[in-house]
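Colleague: Structure, please.
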Amino acid sequence: MKFIDIFKTLGLTLAVSVLAACGDAKIGAVQDSVPAGQEFSYGEILGKAKECSGDWTSEVVNNRTIVTYTCGVKLNDAIKAAFEKSHQQAMADLDTAAKNQMGWHEGNLTTARGALHRTGYEVESAKARLNELRSQIARGDESYAALEHGQDQSNQFRMSWPGTRERMLADIEQIEAREREQVTALQARVDGFSAWTDRYAEAIEKTTEVVKKKITAQYDAEQSVSFKVAFLYRENLPAQMIKSTLTVLGQERESTIWHYLQVGRGVTDLVVSYLREVRTMPVAELYSEAFPYVTDTSTSGYRLKDRSATSE
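Modeller: Numbers count the residues shown, from 1 in each chain. Just a heads-up that it's a prediction; the model follows:
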C-alpha cells in the first residue's frame, strides 16, 4: 500500500510539474511576442513600467489559454498627491450632493406654493362667474315677483323659474365648495412641506456624516492601484492582447494603460490622469442611497424609503 501511495504522489507531482512547465512556456511565448507595428515585445513593453511589482499567470478559459500580467503599482509621491486631490474632490462632491438634496425639498416647497398662487388667480376668475350667476338670480327674482300676482298662471317663465333658481344656487354652491376644497388641499401641501423643513435638514446633516465616513474609510483602507493586461496565447502565432484594466480604490475599469506604455508614457502619468479626471467614488449615488426619505405623493411631505427591495 505504501508503494502505491508513493507512486500516486509521484505521478501527481509529475503531472503538476508538466502543467506548470507548459504554463511557463506559454507565458514565455506571450512575453516574447511582438505586437504588430511595434519594435518591442509584450514583455519588454510591460517591463518599462518601473512602478510595478508584476506577476505573470496563465489559465485555461473555455479551452483558450489566457496569460495575464498583474501589476501592483508602487505609490510614489505624485500618485499619493493625486489620491489626496481625489479625496478632496470626493468631499466637494459630497457638499454638492447635500446641497442638491436640500434643493429637492426647496423645489417641492416652491412648486406647492406656486400651485397655491395659481389657484388664487383661478378663484378670482371664478368670482366673476359667481357674480354673474347671482346677478341672474336677482333679475330672475324681480321678474318672478312682478308676475306673482298676474292673471296669466300659464306664463312659461313663472312656471320654470323656481326650478331654474334652485339649479343656479346649486351651481354657486358647487363652485364655492370646489374652490374651498382646492385651496384647502394646496394650503395643506404647502404647510406639510414647510413642517418638514427642519427634519429634512437634520436628515441631510446625518446623511452627510454617514457618507463622509464612508469616503474617508475607503481612501484610508484602499489607497491602492493595480492594473492587469490579459493576452490570448495562440500556438505558432503572435499573442493577442485582449483586455487591460486599472483598479483604483477597489474599483476595476477598462483602461488605456497599454496605450500609455506603448507610447512611452509611464504608469504614474496614467494613474495621476485617472485620479484627476475620473470620479473614483460615486458620491451622488452613495448619498442618494443613504438618504432615508422619498417624496410621498399621497401626503404633503415625505416617507421613509422601502428598504426591503435593496436588502434582499
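Colleague: going forward, measure contacts between C-alpha atoms and count neighbours the same way
Modeller: Noted.
Colleague: can you give me the helices in this structure?
Modeller: All helices of the chain, identified by DSSP state H, fall at 2-32, 42-47, 77-147, 156-195, 197-221, 257-262, 267-277, 283-290, 308-311.
Colleague: now those helices in JSON lines, with distance to residue 55, mean neighbour count and mean pLDDT?
Modeller: Output for these, formatted as JSON lines (distance: least, CA to CA, whole Å; neighbours: other CA atoms under 10 Å; pLDDT from 0 to 100):
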{"stretch": "helix 2-32", "distance to residue 55": "11", "mean neighbour count": "14", "mean pLDDT": "54"}
{"stretch": "helix 42-47", "distance to residue 55": "11", "mean neighbour count": "18", "mean pLDDT": "89"}
{"stretch": "helix 77-147", "distance to residue 55": "21", "mean neighbour count": "16", "mean pLDDT": "88"}
{"stretch": "helix 156-195", "distance to residue 55": "59", "mean neighbour count": "15", "mean pLDDT": "86"}
{"stretch": "helix 197-221", "distance to residue 55": "23", "mean neighbour count": "15", "mean pLDDT": "92"}
{"stretch": "helix 257-262", "distance to residue 55": "16", "mean neighbour count": "18", "mean pLDDT": "78"}
{"stretch": "helix 267-277", "distance to residue 55": "16", "mean neighbour count": "18", "mean pLDDT": "86"}
{"stretch": "helix 283-290", "distance to residue 55": "33", "mean neighbour count": "17", "mean pLDDT": "94"}
{"stretch": "helix 308-311", "distance to residue 55": "38", "mean neighbour count": "7", "mean pLDDT": "42"}
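Colleague: export those helices to CSV and tack on distance to residue 70?
Modeller: Listed next are the helices of the chain as CSV, based on distance: least, CA to CA, whole Å:
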stretch, distance to residue 70
helix 2-32, 13
helix 42-47, 10
helix 77-147, 18
helix 156-195, 54
helix 197-221, 21
helix 257-262, 12
helix 267-277, 13
helix 283-290, 28
helix 308-311, 34
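Colleague: so what's the closest residue to residue 267 other than its chain neighbours up against?
Modeller: Sequence neighbours aside, residue 49 is the residue nearest to residue 267 in space, at 6.2 Å (criterion: CA to CA, 6 or more residues apart in numbering). Residue 49 sits next to 261, 266-267 when contact means CA atoms under 8 Å, 6 or more residues apart in numbering.
Colleague: related to what we said a few turns ago, out of the helices of the chain, nearest to residue 239?
Modeller: Ranking the helices of the chain by proximity to residue 239 (CA to CA) places helix 2-32 first, at 5.4 Å.
Colleague: Can you tell me how far residue 250 is from residue 225?
Modeller: Distance of residue 250 to residue 225, given as CA to CA, to the nearest Å: 8 Å.
Colleague: Those two: who's more crowded?
Modeller: Set residue 250 next to residue 225 and count neighbours by other CA atoms under 10 Å: residue 225 wins out with 20 against 17.
Colleague: how about the nearest residue to that one, chain neighbours excluded?
Modeller: That would be residue 248: by CA to CA, 6+ apart, it lies 4.9 Å from residue 225.
Colleague: residues near that neighbour, how many?
Modeller: With other CA under 10 Å as criterion, residue 248 counts 20.
Colleague: Specify the beta-bridge partners of it.
Modeller: residue 225, residue 251 (DSSP bridges).
Colleague: Would you agree it is in contact with residue 281?
Modeller: No. In this structure, residue 248 is not within contact of residue 281 by CA atoms under 8 Å, at 9.7 Å.
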